[in-house]
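Q: Make a model of this:
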Amino acid sequence: MLKTGVEAYRDVQKATLSGRELEASVLVKAAHLLKECKDRWNDPDRDLRLDNALRYNQRLWSLFQTELSRPDHPMPKNLREDLLSLSLFIDKRTFELMASPSPEKLDILIKINLNIAAGLSSK
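A: Numbers count the residues shown, from 1 in each chain. Okay, here's the model as predicted:
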């Protein structure tokens, strides 16, 4: 039987890194993919790299949304709600970038991912 993305994510979490370490790692990876797009904006393969980076980041945040929406999630409710609001902003910015690409629009996604990753790594 095929596993859903969330189930596969949980299995990998259990088998390797701690949850926080894994989350920080994938956030940093997403930030690096987005930064590479910004740094190489005028390269001929920009559209493909941008699409890949945005989709990776969107899948990552969709997994976070799924986990944070669970009623039994152990995180305090107000923090979960703040992160869910942030994820909605990320969705909106991602769709803006898909519709009208601009390197400056990547900055906030990069900063959010790196700041959340830093917070996860420091705990």
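Q: Tell me which helix or strand comes right after the helix or strand where L60 lies.
A: For L60, the element it lies in under DSSP states H and E is helix 46-68. Note on helix 46-68: by DSSP H and E, the next helix or strand toward the C-terminus is helix 77-99.
Q: Which elements pack onto that next one?
A: Packed against helix 77-99 by the contact rule (3 or more CB pairs under 8 Å, 6 or more residues apart in numbering; DSSP states H and E) you find helix 46-68, helix 106-122. Quick note: C-beta positions are derived from backbone N, CA and C, even for glycine.
Q: who's in contact with the closest residue to I116 other than its chain neighbours?
A: Of all residues beyond its chain neighbours, the one nearest I116 is L27 (5.5 Å), with distances taken as CB to CB, 6 or more residues apart in numbering. With contact set as CB atoms under 8 Å, 6 or more residues apart in numbering, L27 has these partners: 60, 113-114, 116-117, 120.
Q: Report the lowest-confidence entry in those.
A: pLDDT across those is lowest for L120, at 86.
Q: How many residues are close by that one?
A: Look at L120: counted by other CB atoms under 10 Å, it has 18 neighbours.
Q: now the closest residue to it other than its chain neighbours: how far from L109?
A: Of all residues not flanking L120 in the chain, A24 sits nearest, at 4.1 Å (CB to CB, 6+ apart). Distance of A24 to L109, given as CB to CB, to the nearest Å: 16 Å.
Q: Could you do L50 as well?
A: 11 Å.
Q: picking up where we left off before, nearest to E67, of the contacts of L27?
A: Using CB to CB, L60 comes nearest to E67 of the contacts of L27, at 11.1 Å.
Q: Pretty sure the closest one sits against A30.
A: Yes - when contacts are counted by CB atoms under 8 Å, L60 is listed as touching A30 (5.5 Å).
Q: Please identify which of those two sits among more neighbours.
A: A30 (24 against 19).
Q: Tell me how far the more buried one lies from K111.
A: Per CB to CB, A30 is found 12 Å from K111.
Q: how many neighbours does the nearest residue to E67 once chain neighbours are set aside have?
A: Leaving out its chain neighbours, the residue that sits closest to E67 by CB to CB, 6+ apart is H73, at 6.4 Å. Using other CB under 10 Å, H73 has 12 neighbouring residues.
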